[in-house]
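**Q** Please find the sequence and the predicted model below.
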Amino acid sequence: MLKTYELATLNSRAKNDPKGFIEESEAAYLAQIEDTAELLTERLTERPILLLNGPSSAGKTTTADRLCRAIERRGIYSQRISMDDYYLSRHTYSMPYDEENDVVDLESPLCMDLPLLSDHLHKLARGEQILVPSFDFVTGRQTLNVTPMRLRKDEIVIIEGIHSLNDVITGGLEEQSSRVYLSLEAQVLDGEGGRFTPEVLRFARRALRDARFRSASVEETIRQWLSIRRGERLYIAPYRHYAEFTIDTYLPYESNILYPALREALDTHADVLGKADLKQARRAADLFEPIDYLPYMPEASVLHEFVG
């Protein structure tokens, strides 16, 4: 069930109590991390693999890191693999195309080295060493055989990515893995009968992150958005029911950071927002008031994944 927030309340807290607002939001997220880590450590012997799944910009990378830290505080060594590192170099294959939205289908599992990924996951489950590759989103190139890794007894490996519950890739690991789904389980009511949906809230994360860290302009993200949503319906939603636990990564203060930061870019590209079913994003940029967050946002906040 979605958590519902009032825009007026969020803006009031952003203006009058930024420190308390941020601390409260971060504490609620951290409590979910601690609860999940406790459950994972209790089943370590039977299930040493954690498959961490969720749509684009759900906060998989940071949440995986936070779970690693929480697990290690319980005396258990943990390792982490990002499925992003198994993307194929863009110049080495014919990328799948989303004809419905007339863009390259960057969400497709066919953009990944599926045989290598599946082989590595099953080798880890058998206790064999693998050499994890690395992918550079700026250059679009993959480098093979970068990081040696082996899963030893009484250790946990966290594998995060949008395809981590896809049984084409992780089939056969059911008895050895726990499965966690991340999402933004929130909506914001604007006080005038409208609302900002989880998808609109999540778009802001993706747009700012890709502009700052992945060499993709806000306009490119807008034009890609319908394909991203299509990919979620095709490649993520069919497997969500495999998840045993859910973590809501929405921080109630985040839209007071993200949307003011995007205001100018969304103004510039207002004409394409409607075509991408993102008219509400432009409105959000006008209505969310900025928050003074730099003195108060913790170093390990999931938002650093998107704002730096």
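**A** Arrived safely, thanks for sending.

**Q** C-alpha only now, for contacts and for neighbours.
**A** OK.

**Q** What segments of the stretch 151-300 of the chain are strands?
**A** Taking DSSP state E, counting those that start in this stretch as the test, the strands found in the stretch 151-300 of the chain are 155-160, 177-183, 186-189, 195-196, 245-248.

**Q** Minimum distance to residue 231: which of these has it?
**A** The closest of the strands of the stretch 151-300 of the chain to residue 231 is strand 177-183. By C-alpha to C-alpha, the value is 15.2 Å.

**Q** ok so, going back, could the strands of the stretch 151-300 of the chain be laid out in CSV, adding mean neighbour count and distance to residue 298?
**A** Output for the strands of the stretch 151-300 of the chain, formatted as CSV (neighbours: other C-alpha atoms under 10 Å; distance: least, C-alpha to C-alpha, whole Å):
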stretch, mean neighbour count, distance to residue 298
strand 155-160, 23, 22
strand 177-183, 23, 20
strand 186-189, 20, 22
strand 195-196, 18, 26
strand 245-248, 18, 18
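
**Q** Just put those strands in a markdown table and tack on distance to residue 24 and mean pLDDT.
**A** As requested, the strands of the stretch 151-300 of the chain are arranged in a markdown table below (distance: least, C-alpha to C-alpha, whole Å; pLDDT from 0 to 100):
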| stretch | distance to residue 24 | mean pLDDT |
| --- | --- | --- |
| strand 155-160 | 26 | 95 |
| strand 177-183 | 19 | 96 |
| strand 186-189 | 16 | 98 |
| strand 195-196 | 21 | 98 |
| strand 245-248 | 14 | 96 |
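
**Q** Which of those strands sits closest to residue 236?
**A** Set against residue 236 and scored by C-alpha to C-alpha, the strands of the stretch 151-300 of the chain come closest in strand 177-183, at 10.1 Å.

**Q** could you give the angle of that closest one to strand 155-160?
**A** In terms of direction (axes from the mean of the first three to the mean of the last three C-alpha atoms, to 10 degrees), strand 177-183 departs from strand 155-160 by 40 degrees.

**Q** on contacts alone, who are the packing partners of the longest strand along the chain?
**A** With DSSP state E applied, the strand covering the greatest number of residues in the chain is identified as strand 141-149. For strand 141-149, the contact count by 3 or more C-alpha pairs under 8 Å, 6 or more residues apart in numbering; DSSP states H and E identifies strand 130-136 as packing neighbours.
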